[in-house]
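Trainee: compute the structure for the input listed below.
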Amino acid sequence: MFDDLILLAKGGLTVYHGSVKKVEEYFADLGINIPKRINPPDYFIDILEGIAVPSGSSEVSYKELPLRWMLHNGYPIPPDMQQNAAQLGMFETANPAREKDPDGSSHEERSFAGELWHDVINAMELKGEKIRLNFFKSKDLSERKTPGIFKQYKYFLIR
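Mentor: Residues are numbered from 1 along each chain as shown. Take a look at the predicted model:
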């Protein structure tokens, strides 16, 4: 009845997101085989909760599954999970000198002057944004008219 399936581990980490037809194949590649006469979604949920131990040729823990999904799709491993991945021997720690900027451009290690210039540019953009928000009126899409100061004072006195 469903085309796509999302399985989440504890903490809301994605373990699988994709076609229902390929979920068993994905877990079989990890060495997790579904026993006969067991409902596959229930079995996967039991594994993710730590209730059931995965049956198959591999010793995959439910804690490893989110990391394996990230590596399977080529997603970057978050810094707080890199230590866990290194302990499990799943990947080599990333070289921080070759990380990507938020804008997607990769760089070598920045010099002090480069980092300072980047900070100055960010500070100027932030100041410009504050000036724009504080001094320029935004377009009012509600088309309401705000009463003037005297009319507001009159309403205050009436109350």
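
Trainee: for the rest of this, base every contact and every neighbour count on C-alpha atoms.
Mentor: Will do.

Trainee: count the neighbours of Leu71 for me.
Mentor: 15 (other CA atoms under 10 Å).

Trainee: what sits closest to it if chain neighbours are left out?
Mentor: Ile77 (7.7 Å; CA to CA, 6 or more residues apart in numbering).

Trainee: which SSE is that neighbour in?
Mentor: Counting by DSSP states H and E, no helix or strand carries Ile77.

Trainee: what lies in contact with the longest helix along the chain?
Mentor: If you go by DSSP state H, the chain has its longest helix at helix 112-135. Outside of helix 112-135, no residue comes within contact range by CA atoms under 8 Å, 6 or more residues apart in numbering.

Trainee: give the buried residues for the very next helix or strand once past that helix.
Mentor: Where DSSP H and E defines the elements, the next helix or strand beyond helix 112-135 is helix 149-158. Within helix 149-158, no residue is scored as buried using 16 or more other CA atoms under 10 Å.

Trainee: sketch out the low-pLDDT regions of the chain for me.
Mentor: 1, 55-58, 88-110, 138, 140-141 (pLDDT under 70).

Trainee: could you list the domains of it?
Mentor: The chain breaks down by automatic domain parsing into domains covering 4-94, 95-137.

Trainee: of the ones you listed, which approaches Lys154 most closely?
Mentor: domain 95-137 (25.7 Å; CA to CA).

Trainee: hmm, back to that, buried ones in the longest helix of the chain, by neighbour count?
Mentor: So, applying 16+ other CA under 10 Å, helix 112-135 has no buried residues.

Trainee: just the C-alpha atoms of that helix, please, in CSV.
Mentor: C-alpha atoms of helix 112-135 as CSV (Å, rounded to 0.1, in the frame of the first residue of the first chain):
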residue,chain,number,x,y,z
PHE,A,112,44.6,34.0,9.6
ALA,A,113,44.1,36.9,7.2
GLY,A,114,41.6,34.9,5.2
GLU,A,115,39.6,34.0,8.3
LEU,A,116,39.7,37.6,9.5
TRP,A,117,38.5,38.9,6.1
HIS,A,118,35.7,36.3,6.1
ASP,A,119,34.7,37.4,9.6
VAL,A,120,34.7,41.1,8.6
ILE,A,121,32.5,40.3,5.6
ASN,A,122,30.1,38.4,7.7
ALA,A,123,30.0,41.2,10.3
MET,A,124,29.3,43.8,7.6
GLU,A,125,26.5,41.7,6.1
LEU,A,126,24.9,41.3,9.6
LYS,A,127,25.1,45.1,10.2
GLY,A,128,23.6,45.8,6.8
GLU,A,129,20.8,43.4,7.6
LYS,A,130,20.1,45.0,11.0
ILE,A,131,20.0,48.5,9.4
ARG,A,132,17.7,47.3,6.7
LEU,A,133,15.3,45.7,9.2
ASN,A,134,15.4,48.6,11.7
PHE,A,135,15.2,51.6,9.4
